[in-house]
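A.B. asks: I'll drop the sequence and a predicted model, then ask my questions.
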Amino acid sequence: MTRNILIAFLRNDLRLTDHPIFSQFASSSSQRGLENVTHILPVYVFDQQYIEVGGLNGIKKGKGPGGDQHGARTRVAGFWRTGKPRVQFMTRSVYDLQSRLQSIGSDLSIWSGHPHLILHKIVKALQKNGDNIHGVWYGEEPHTEEKATEKRIKKALAETQVPVRSFQHRSLILPKDLPFPLKDLPDVFTQFRKRVEAPDMYNDPLPAPEKLKPFPELPLIENEEGVYNVGKQAEQEVLQQLLSPLEKDPGPIKPVKDDVNADKISALPFKGGETEALKRLEHYFTGDANSHAANYKETRNGMLGVDYSSKFSAALAHGLLSPRTIAKRAEEVDKKSNSSGRGGGYWIIFELLWRDYFFFVSEKYGSQLYTLKGIEESFDSKAAQEKAKSWNAPDSFENEKDPFVRWATAETGVPLIDANMKELALTGFMSNRGRQNVASLLTKDLYYDWRLGAEWFESLLVDYDPSSNYGNWQYVAGVGNDPRASRQFNPIKQGKDYDREAKYLKTWLPALEQLSNNDAHHPWVSPSGSPDGYPAKPVCESPAWKGHYGNNANRRGGIRGGGGGRSKRGGRGGGGQSNGQRRNNGN
Ligand SMILES: Cc1cc2nc3c(=O)[nH]c(=O)nc-3n(C[C@H](O)[C@H](O)[C@H](O)COP(=O)(O)OP(=O)(O)OC[C@H]3O[C@@H](n4cnc5c(N)ncnc54)[C@H](O)[C@@H]3O)c2cc1C
């Protein structure tokens with residue numbers, strides 16, 4: 001009998017639950033039009049555009065998708081696009097999905113190179129074998145490069161006559177369900193939120209399939225440039241090979257000093273994979289009214305510990321959890337907590353809407369998300385032009401005194417910044433509070449090209465997501481949505497507001513241990529001066545900081561997990577030099 005094979009090309013959707021393709025095969029699903037499919041071939045590609053694959057045994061990597069040699073480096077600074085923490089997280093997620101698929105009678109075919117070349121090769125080989133290809137299906141991505149990949153796939157497969165189909169699944173509210181065309185997306189988040197904030201804007205999550213149609217044996221496909229079959233190599237072997245180029249060439253910026261037990265104190269100890277993500281989901285929502293989720297609004301400004309915020313971002317970025325799965329649990333927690341609809345669950349969904357918003361911004365503005373002038377150029381080109389003149393850039397990444405290099409290597413001498421940058425470099429995670437402060441210092445105090453900061457984040461963040469990252473960076477730098485010159489944070493005030501007892505600072509910067517809790521926030525003005533092993537002077541000092549050097553014992557109280565204090569209004573922003581208690585980023 002002729003095999004009728006459906007190829008599921010997996011990208012940032014490394015899960016079985018509420019999956020745009022697999023869930024169609026759950027027993028509760030209608031499976032209309034799929035009766036004739038005899039086999040499903042799930043395919044994953046370590047895409048050489050984003051991840052350095054040159055270390056894989058015997059690979060013929062070839063050029064980038066546009067024929068260039070740019071490889072897996074960031075555009076402006078040339079950092080590795082996917083640094084060590086994310087390589088580890090991604091690899092674990094891929095192999096976790098493989099075992100989950102095996103447990104329901106399927107498997108995952110793992111490749112490396114260019115998706116369009118690989119899918120074309122697979123389709124041709126199967127057709128030559130006499131198989132019928134029902135279609136090549138994949139989940140859509142909202143970003144320009146990923147869209148270009150989709151175009152290349154369609155073009156490459158055109159001559160095979162195989163139907164290509166894609167599904168929206170990345171956002172909570174799907175683009176097709178928006179109550180306005182994308183071109184009319186408001187440029188201010190609050191206006192967007194007010195138009196979409198209703199439970200019927202999204203559907204319930206779909207179940208995982210209990211069993212999947214069998215995995216088809218593949219004919220032999222020879223490796224060639226851009227086409228590499230990872231095959232049955234063990235996870236650890238593949239991981240070592242993927243990490244080897246990064247270890248051989250860590251880049252021009254010296255590594256961050258590692259004098260802490262980062263694994264033990266990490267706020268994101270999760271190793272990747274849907275299995276772990278589902279456990280985290282249970283952990284965060286278990287306990288209803290007493291759950292971490294129910295208390296989210298009170299704790300979300302923390303910086304220390306695993307539970308001050310959901311830590312779902314990495315799972316969302318790689319598609320280990322769908323936003324609908326999280327939103328459903330968030331709605332339930334509010335119902336059970338008797339919170340009149342504005343409990344922790346509401347605020348978690350509020351943040352998911354920020355994530356959606358940046359997706360739609362990416363859809364609307366495309367490549368402008370990555371340009372120096374930002375999306376501001378579209379609505380105020382004069383202002384964007386003016387700002388573009390004033391950004392600094394390092395003369396060399398090897399110059400350890402350069403402010404950008406000091407920022408990246410956690411040696412600015414401003415403890416809140418350094419603690420956060422060190423956490424990022426050693427674990428691949430940083431709290432939202434931290435991200436806003438470090439981005440503000442780089443762009444508003446040091447006036448450095450915001451794209452360098454965004455690329456440093458891109459390289460290191462485990463939860464890196466193009467629109468959330470570049471959208472937030474533009475927002476803080478004042479070249480994105482709702483651009484306002486005054487979106488600036490005071491890191492001394494912020495440190496004292498959210499880490500009054502300096503627990504976070506001293507955890508990540510042990511050199512500050514000997515200072516009083518107050519002095520730890522600004523060691524250069526402490527009676528004994530900065531301790532050995534910590535910069536003597538800050539990289540810059542704003543007059544606005546000076547009003548916060550005193551020891552104000554009556555500052556706000558700490559919060560669960562020792563993560564710092566909450567703002568009076570419970571809001572997530574605030575503390576900026578001129579924006580007071582404003583919910584920056586809506587956060
Ligand atoms: C400069 C800068 C860069 C950032 N880069 C990224 C990035 O690359 N990837 C990323 O997922 N988030 C990014 N964020 C947003 C935010 O900091 C993280 O999503 C959040 O800290 C992750 O922790 P959490 O999952 O515990 O969040 P929670 O507070 O528990 O929030 C729940 C979820 O809501 C979403 N969310 C929360 N805040 C935001 C926000 N401001 N923008 C978009 N989505 C949000 C995330 O998916 C998050 O998992 C960035 C923020 C800033 C200021």
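C.D. replies: Looks like it came in fine. Numbers count the residues shown, from 1 in each chain.

A.B. asks: From now on I want contacts and neighbour counts done on CA atoms only, so please keep to that.
C.D. replies: Noted.

A.B. asks: who touches the residue of the stretch 1-150 of the chain found nearest the ligand in this structure?
C.D. replies: For the stretch 1-150 of the chain and the ligand, the shortest gap (Cα to the nearest ligand atom) falls at Arg86, measuring 11.4 Å. For Arg86, the contact set (Cα atoms under 8 Å, 6 or more residues apart in numbering) comprises Gly428, Leu460, Leu461, Val462, Asp463.

A.B. asks: Not counting sequence-adjacent ones, nearest residue to the third one?
C.D. replies: Same thing as Leu461. Once flanking residues are discounted, Leu461 sits nearest to Gly428: 4.5 Å by Cα to Cα, 6 or more residues apart in numbering.

A.B. asks: Next, work out how far apart the one you found and Tyr308 are.
C.D. replies: 17 Å (Cα to Cα, to the nearest Å).

A.B. asks: Just the mean pLDDT for stretch 331-345, thanks.
C.D. replies: Across stretch 331-345, the average pLDDT comes to 88.

A.B. asks: Buried residues in it, which are they?
C.D. replies: Judged by neighbour count using 16 or more other Cα atoms under 10 Å, the buried positions of stretch 331-345 are Glu331, Val333, Asp334, Lys335, Ser337, Gly343, Gly344, Gly345.

A.B. asks: Does that stretch reach the ligand?
C.D. replies: No - applying Cα under 6 Å from any ligand atom, one finds stretch 331-345 separated from the ligand by no less than 10.0 Å.

A.B. asks: now that stretch, how far from the chain's geometric center?
C.D. replies: 27 Å (Cα atoms, centre = their mean, to the nearest Å).

A.B. asks: Now do the phi/psi pair for Ile40.
C.D. replies: phi -120, psi 130 (degrees, to the nearest 10).

A.B. asks: At which residues are the strands of the stretch 101-250 of the chain located?
C.D. replies: 109-113, 132-139, 164-167, 227-229 (DSSP state E, counting those that start in this stretch).

A.B. asks: who does the second one pair up with?
C.D. replies: Put plainly, it is strand 132-139. If you go by DSSP bridges, strand 132-139 pairs up with strand 4-10 (parallel), strand 164-167 (parallel).

A.B. asks: tell me the mean pLDDT over that strand?
C.D. replies: The model assigns strand 132-139 a mean pLDDT of 98.

A.B. asks: Residues contacting it, please?
C.D. replies: Here strand 132-139 has contacts from 2-13, 20-21, 37, 123, 126-127, 162-170, using Cα under 8 Å, 6+ apart.

A.B. asks: Could I get the CA-only coordinates of that strand as CSV?
C.D. replies: C-alpha atoms of strand 132-139 as CSV (Å, rounded to 0.1, in the frame of the first residue of the first chain):
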residue,chain,number,x,y,z
ASN,A,132,2.7,10.1,-1.5
ILE,A,133,3.3,13.3,0.6
HIS,A,134,0.1,14.5,2.1
GLY,A,135,1.7,17.9,2.9
VAL,A,136,4.4,19.8,4.6
TRP,A,137,2.9,21.5,7.6
TYR,A,138,4.5,23.9,10.1
GLY,A,139,3.7,26.5,12.7
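
A.B. asks: Centre of the chain to it, how far?
C.D. replies: Taking mean C-alpha positions (Cα atoms, centre = their mean), strand 132-139 and its chain are 28 Å apart.

A.B. asks: Just to be sure, Asn437 is in a helix?
C.D. replies: Yes - counting by DSSP: H, G, I helix; E, B strand; the rest coil, Asn437 falls inside a helix.

A.B. asks: For the stretch 251-400 of the chain, which residues are neighbours of the ligand?
C.D. replies: Going by Cα under 6 Å from any ligand atom, the residues of the stretch 251-400 of the chain near the ligand are Arg300, Ser309, Ser310, Lys311, Phe312, Ser313, Ile348, Glu351, Leu352, Trp354, Arg355.

A.B. asks: So which of the residues you listed sit within helices?
C.D. replies: When DSSP state H defines the helices, the subset of those inside them is Ser313, Ile348, Glu351, Leu352, Trp354, Arg355.

A.B. asks: Using TSV, lay out those residues together with neighbour count.
C.D. replies: Formatted as TSV, those follow (neighbours: other Cα atoms under 10 Å):
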residue	neighbour count
Ser313	21
Ile348	22
Glu351	14
Leu352	20
Trp354	21
Arg355	24
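
A.B. asks: now the helices: where do they sit in the stretch 351-500 of the chain?
C.D. replies: With DSSP state H, counting those that start in this stretch, the ranges of helices along the stretch 351-500 of the chain come out as 376-379, 381-388, 403-408, 415-427, 432-440, 450-460, 466-477, 491-498.

A.B. asks: of all the ones you listed, which lies closest to Phe397?
C.D. replies: Closest of the helices of the stretch 351-500 of the chain to Phe397 is helix 403-408, at 6.3 Å (criterion: Cα to Cα).

A.B. asks: on contacts alone, who are the packing partners of the closest one?
C.D. replies: Helices and strands touching helix 403-408, as assessed by 3 or more Cα pairs under 8 Å, 6 or more residues apart in numbering; DSSP states H and E, comprise helix 415-427.

A.B. asks: In contact with Val162, which residues?
C.D. replies: Ile133, His134, Gly135, Val136.

A.B. asks: so what's Pro252 scoring on pLDDT?
C.D. replies: According to the model, Pro252 scores 89 on pLDDT.

A.B. asks: Revised request: answer the last question for Gly573.
C.D. replies: For Gly573, pLDDT reads 39.

A.B. asks: Could you tell me how many residues sit around Gln127?
C.D. replies: 14 (other Cα atoms under 10 Å).

A.B. asks: Excluding sequence neighbours, find me the nearest residue to it.
C.D. replies: In space, Gln127 is closest to Ile133, 7.3 Å off (Cα to Cα, 6+ apart).

A.B. asks: Just the buried residues of stretch 499-513, please?
C.D. replies: For stretch 499-513, by 16+ other Cα under 10 Å, it's 499-509, 511-513.

A.B. asks: Ignore what I typed, I meant stretch 368-386.
C.D. replies: Gln368, Leu369, Tyr370, Leu372, Lys373, Gly374, Ile375, Glu376, Glu377, Ala384.

A.B. asks: what's the nearest residue to the residue of the stretch 101-250 of the chain found nearest the ligand if we skip its chain neighbours?
C.D. replies: Closest to the ligand within the stretch 101-250 of the chain is Ser171: 9.8 Å, counting by Cα to the nearest ligand atom. Excluding its sequence neighbours, the residue lying closest to Ser171 (Cα to Cα, 6+ apart) is Asp356, at 5.3 Å.
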